[in-house]
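> Need the 3D shape of this:
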Amino acid sequence: MSETTINAAEILHDATAVGASDIFIVAGLPLSYRVNGVLFHKGERLMPDSTEAFIRQIYDLTRSHTIDTFLKNGDDDFSFSIPGLSRFRVSTYKQRGSLAAVIRVITFELPNPTQLGIPNAVMALSEYTKGMVLVTGPAGSGKSTTLACLVDRINTTKQDHIITLEDPLEYLHHHKESIVSQREISTDTENYLVALRAALRQSPDVILLGEMRDFETIQTAMTAAETGHLVLSSLHTIGAANTISRIIDVFDASQQRQIAVQLSMVLKAVVSQQLVPAKNGTLVPAFEIMAMTPAISNMIRDNKVHQIDGIIYTSAREDMISMDNSLLNLYRKGIITQETVIQYCTNPEMTRKKL
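I've put the predicted structure just below:
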């Protein structure tokens, strides 16, 4: 594929038509798509001039974003829409001196939680009116999608003011029963911390914080949750105990005791998710759900976070399930194979016995 034949708009249409989740533009490789977790290559290897031509066309399509920041810094993130087609989240970067990009394809239609396999116990978290709900998991595990479903459920069922702070914006929410203000970091506001502090003066009922990156943002988010707002956010952690430890460890040793006490009061639930391959060639989500109980609250306060996994593993509550039991349920329903269960579970020995 030479510089003269590459056409960004055509590629975006083609990728959307085949159901690609990601498009990879990297010199030395053919144009590549990821469909249901599998990589497919199209055409001939791209040369550096081809990747640059493609990326310049992408910036032309956005209109609101120039290529100058990218050429100066070597990295850039933004999103844009093509009416009637889809929304795209773009991460451009330099590698080996050439220009490269990864483009995530996001449909205009808000996802249907039932079709995606998001359980009712997760969707029920939208009923909280205050406190903090965290959705965690590795990159590309569907955290943003789950959070978008929760925001849409609140938007459909409550008369709230929902403020979303995202980097970049992914799903677009229309005003339904609620008012939804969507702010994009670096486009609409300077950073998460500035936007979060400002949000507290904008009469919010619900704040969606795209990611909790540093101790100042986490501290402000906890204060927001403490003062009667529902805060939804995400972290790149796997498992409730790991998530709680990560939050506490961000702070200085002198502050950790106070933060643990605060967290034990404001945290309502932690959902951890990962996408696993199904027998039919698609990807399905597996969820660990931890709902706050007096016992778990005491464990956080008393620095016994490592014991939380045991409570989740043995719980019979609908709003409390371990990742391993979630995988076993998918296996028993015939959705995933035994090998997939063992590959993605956290305790292979115990899980083998259950299988």
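> who are the neighbours in contact with residue 75?
Residues near residue 75 by CB atoms under 8 Å, 6 or more residues apart in numbering: 91, 92, 93, 94. Quick note: C-beta positions are derived from backbone N, CA and C, even for glycine.
> Of the residues you listed, which belong to strands?
Residues of the contacts of residue 75 located in strands (DSSP state E): 91, 92, 93, 94.
> Tell me the buried residues within these.
Buried members of these, counted by 16 or more other CB atoms under 10 Å: 91, 92, 93.
> which of those lies closest to residue 317?
residue 91 (38.9 Å; CB to CB).
> correct me, but the closest one touches residue 101?
Yes: with contact defined as CB atoms under 8 Å, residue 91 counts as touching residue 101 (6.8 Å).
> if we can go back for a sec, of the ones in strands among the contacts of residue 75, which pair is most distant in space?
The two members of the ones in strands among the contacts of residue 75 with the most space between them (CB to CB) are 91 and 94, at 11.8 Å.
> Quick one: residues contacting the closest residue to residue 82 other than its chain neighbours.
Nearest residue to residue 82 in three dimensions, chain neighbours excluded: residue 12, at 6.4 Å (CB to CB, 6 or more residues apart in numbering). Taking CB under 8 Å, 6+ apart, we find residue 12 in contact with 23, 82, 85, 86, 88, 103, 105.
> Please, which helix or strand holds residue 12?
Secondary structure assignment for residue 12, by DSSP states H and E: helix 8-17.
> Tally up the residues packed near the closest residue to residue 220 other than its chain neighbours, please.
Nearest-residue entry for residue 220: residue 196, 5.0 Å, with adjacent residues in sequence omitted and distances by CB to CB, 6+ apart. As a burial measure, residue 196 scores 23 neighbours (other CB atoms under 10 Å).
> Please list the outside residues in contact with the helix or strand containing residue 196.
If you go by DSSP H and E, residue 196 is part of helix 192-199. Contact with helix 192-199 is made by 163, 165, 167, 183, 185, 188-189, 207, 209-211, 213-214, 216-217, 220-221, 224, as judged by CB under 8 Å, 6+ apart.
> Within its sheet, name the partner strands of the helix or strand just after that helix and how each one runs.
With elements assigned by DSSP H and E, the helix or strand that comes after helix 192-199 is strand 206-209. Strand 206-209 has its sheet partners listed here by DSSP bridges as strand 161-166 (parallel), strand 230-235 (parallel).
> Now mean neighbour count too, for those strands, in JSON lines please.
JSON lines is the format used below for the strands paired with strand 206-209 (neighbours: other CB atoms under 10 Å):
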{"stretch": "strand 161-166", "mean neighbour count": "23"}
{"stretch": "strand 230-235", "mean neighbour count": "24"}
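> Redo those strands as a markdown table? Include mean pLDDT.
Shown next, in a markdown table, are the strands paired with strand 206-209 (pLDDT from 0 to 100):
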| stretch | mean pLDDT |
| --- | --- |
| strand 161-166 | 96 |
| strand 230-235 | 97 |
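> Which one, of these, ends up nearest to residue 135?
Between residue 135 and the strands paired with strand 206-209, the shortest separation by CB to CB is 5.0 Å, and it involves strand 230-235.
> Show me what the following helix or strand past that closest one is in contact with.
Following strand 230-235 in sequence order, the next helix or strand is helix 240-249 (DSSP H and E). By CB under 8 Å, 6+ apart, the residues outside helix 240-249 that reach it are 134, 136, 212, 218, 235, 237, 256, 259-260, 263, 267, 270, 272, 288, 290, 300, 305-306, 308-309, 312.
> Please repeat the previous calculation with a cut-off of 6 Å.
Outside helix 240-249, the residues that touch it by CB atoms under 6 Å, 6 or more residues apart in numbering are 134, 136, 218, 235, 237, 256, 259-260, 270, 290, 300, 305, 308-309.
> Among those residues, which ones are in strands?
Counted as lying in strands by DSSP E, out of these, are 134, 136, 235, 270, 290.
> My read is that the second one contacts residue 272, right?
Yes: with contact defined as CB atoms under 6 Å, residue 136 and residue 272 form a contacting pair (4.8 Å).
> Looking at those two, which one has more neighbours?
residue 272 (29 against 23).
> Double-check that the more buried one belongs to a strand.
Yes: judged by DSSP: H, G, I helix; E, B strand; the rest coil, residue 272 forms part of a strand.
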